[in-house]
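In: following is a predicted model, sequence given first.
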Amino acid sequence: MKSRKLCAVLMTMVMASSTFVPVYANQSGSDLSAEQMFINAAKAFEKSESILLQTARKANIGSKDRVRIIVELQDRPVIEYAIQQGVALENLDQAFSKKVSDDLISTMDAVQSDIKSEKLDIEYHYEFVNVFNGFSATVSLEDAEKIESMPNVKKVFLAAEYEQPVLPEPDMNTSGGIVNTEQTWGEMGFKGEGMVVAVLDSSFAPEHPSMQKITDVTRAKYRTPQQIEAIGLKRGTWRSSKMPYAYNYYDNTQNLSSASDHGTHVSGTVAANGDPATGGIKGI
């Protein structure tokens with residue numbers, strides 16, 4: 001009886017996933033058990049399930065629940081054309097950039113027209129074309145599934161929502177105490193001299209006064225641009241003994257600046273050696 005129920009569940013799984021699950025022979029030559037066939041079918045079903053449904057299932061979201069989604073459309077965003085041409089987004093030909101943007105918006109309008117035709121209860125939030133091609137909205141989970149199956153739609157994701165914690169104002173020159181930097185420097189003698197740290201982040205300001213040079217050049221691992229070239233790093237450029245190599249891999253340019261200064265903050269935490277007494281920043 002148990003075996004019959006298991007097979008019935010298996011058949012339901014196979015039909016629901018529209019996936020053919022073959023019967024394999026094990027090393028002894030006998031066919032797989034019904035239990036193992038069920039496990040194989042369950043794995044195949046999970047693979048066929050969209051990211052949208054996988055995320056919703058893990059979060060216990062019901063089909064009628066309203067969720068915030070991000071809809072990714074099929075066509076490439078504007079920045080991919082800039083990367084293909086080897087230029088920063090702001091340096092892409094304006095006429096060409098406008099045409100690509102207009103085409104993306106036209107396709108987006110068509111998708112939203114299809115959504116309207118289906119009479120889906122949807123609230124739109126934002127539209128994107130530069131770095132990402134798509135839009136955000138709030139709908140029921142079952143309507144999100146319908147949107148994902150529409151023409152020109154690549155994927156639909158559940159948008160992660162976070163509450164920003166209320167934190168005290170950070171201070172670069174006092175935050176080191178949180179991780180006992182003075183004890184590490186003084187009692188243990190670890191100050192990081194001679195180490196090379198790679199920072200992958202949004203931007204960097206090489207002209208920052210606390211990031212101009214290292215305290216003792218004789219302790220530096222790389223002292224000349226030629227040493228950087230010798231290890232095969234040729235895209236970027238030598239900026240200083242403090243920053244022997246830098247490159248904008250996102251835009252494929254030498255321009256290290258962007259709207260965010262987070263990279264400068266992180267790099268300062270790692271290696272700034274300014275004098276706090278005169279307004280400088282001292283890193284960890």
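Out: Good, I have the coordinates. Remember, predicted model here, so these are calculated numbers, not experimental data. Numbers count the residues shown, from 1 in each chain.
In: my guess is Ser210 contacts Asn273. True?
Out: Yes: with contact defined as CB atoms under 8 Å, Ser210 and Asn273 form a contacting pair (6.6 Å). In this view, the C-beta of every residue, glycine as well, is placed from N, C-alpha and C.
In: more neighbours: these two, which one.
Out: Taking other CB atoms under 10 Å, Ser210 and Asn273 do not tie; Ser210 has more neighbours (20 against 17).
In: secondary structure class for the residue nearest to Arg219 when sequence neighbours are not counted?
Out: Sequence neighbours aside, Glu193 is the residue nearest to Arg219 in space, at 4.4 Å (criterion: CB to CB, 6 or more residues apart in numbering). At Glu193, secondary structure determined by DSSP: H, G, I helix; E, B strand; the rest coil is coil.
In: which ones are touching Glu193?
Out: Going by CB atoms under 8 Å, 6 or more residues apart in numbering, Glu193 touches Thr215, Asp216, Arg219.
In: neighbours of Val78, just the number please.
Out: By the criterion of other CB under 10 Å, Val78 has 22 neighbours.
In: measure it to Thr184 for me?
Out: Separation of Val78 from Thr184 (CB to CB, to the nearest Å) stands at 46 Å.
In: likewise for Gln254?
Out: Counting by CB to CB, the gap from Gln254 to Thr184 is 35 Å.
In: and what of Ile214?
Out: 19 Å.
In: can you report how many residues neighbour the residue nearest to Thr55 when sequence neighbours are not counted?
Out: Excluding the flanking residues, the one nearest Thr55 by CB to CB, 6+ apart is Leu158, at 4.7 Å. Residues lying near Leu158 (other CB under 10 Å) number 20.
In: could you do Thr264 as well?
Out: Using other CB under 10 Å, Thr264 has 23 other residues around it.
In: make sure it is indeed in a helix.
Out: Yes: the assignment for Thr264 by three-state DSSP puts it in a helix.
In: how near is the closest residue in space to it that isn't next to it in sequence to Asp251?
Out: Nearest non-adjacent residue to Thr264, counting by CB to CB, 6+ apart: Ala205, 4.7 Å away. Between Ala205 and Asp251 the computed distance is 16 Å (CB to CB).
In: more neighbours, the two?
Out: Higher neighbour count among Ala205 and Asp251: Asp251, with 19 against 15, using other CB under 10 Å.
In: list the contacts of the more buried one.
Out: Contacts for Asp251 (CB under 8 Å, 6+ apart) come out as Ala82, Ile83, Val87, Ala88, Leu89.
In: from Ala95, how far off is it?
Out: Counting by CB to CB - Asp251 and Ala95 are separated by 20 Å.
In: returning to what we had before: between Ile214 and Thr184, point out the one with more neighbours.
Out: Ile214 (19 against 15).
In: and that one, which of the three is it?
Out: Ile214 is classified as coil under three-state DSSP.
In: what does the pLDDT read for it?
Out: With respect to pLDDT, Ile214 scores 83.
In: next one: Ser202
Out: Predicted confidence (pLDDT) at Ser202: the value is 84.
In: in the stretch 151-284 of the chain, which spans are strands?
Out: Counting by DSSP state E, counting those that start in this stretch, the stretch 151-284 of the chain has strands at residues 153-158.
In: low-scoring pLDDT stretches of it, where are they?
Out: For the stretch 151-284 of the chain, residues meeting the criterion pLDDT under 70 lie at 167-170, 259.
In: pretty sure Asp261 contacts Ser267?
Out: No: the pair Asp261 / Ser267 is not scored as a contact, 10.1 Å apart, by CB under 8 Å.
In: these two - which one has more neighbours?
Out: Neighbour tally, Asp261 and Ser267, criterion other CB under 10 Å: the higher count belongs to Ser267, 24 against 16.
In: any idea how far that one lies from Val139?
Out: Ser267 is 41 Å from Val139, where distance means CB to CB.
In: apart from its neighbours in sequence, what residue is nearest Ser136?
Out: Among residues not flanking Ser136 along the chain, His125 sits closest, at 4.3 Å (CB to CB, 6+ apart).
In: ok, now which ones touch that neighbour?
Out: Each residue near His125 by CB under 8 Å, 6+ apart is listed here: Arg68, Phe135, Ser136, Ala137, Thr138.
In: ok, Asn173 - how many residues close by?
Out: 15.
In: quick check: it touching Ala277?
Out: No: Asn173 sits out of contact with Ala277 when judged by CB under 8 Å, with a separation of 9.8 Å.
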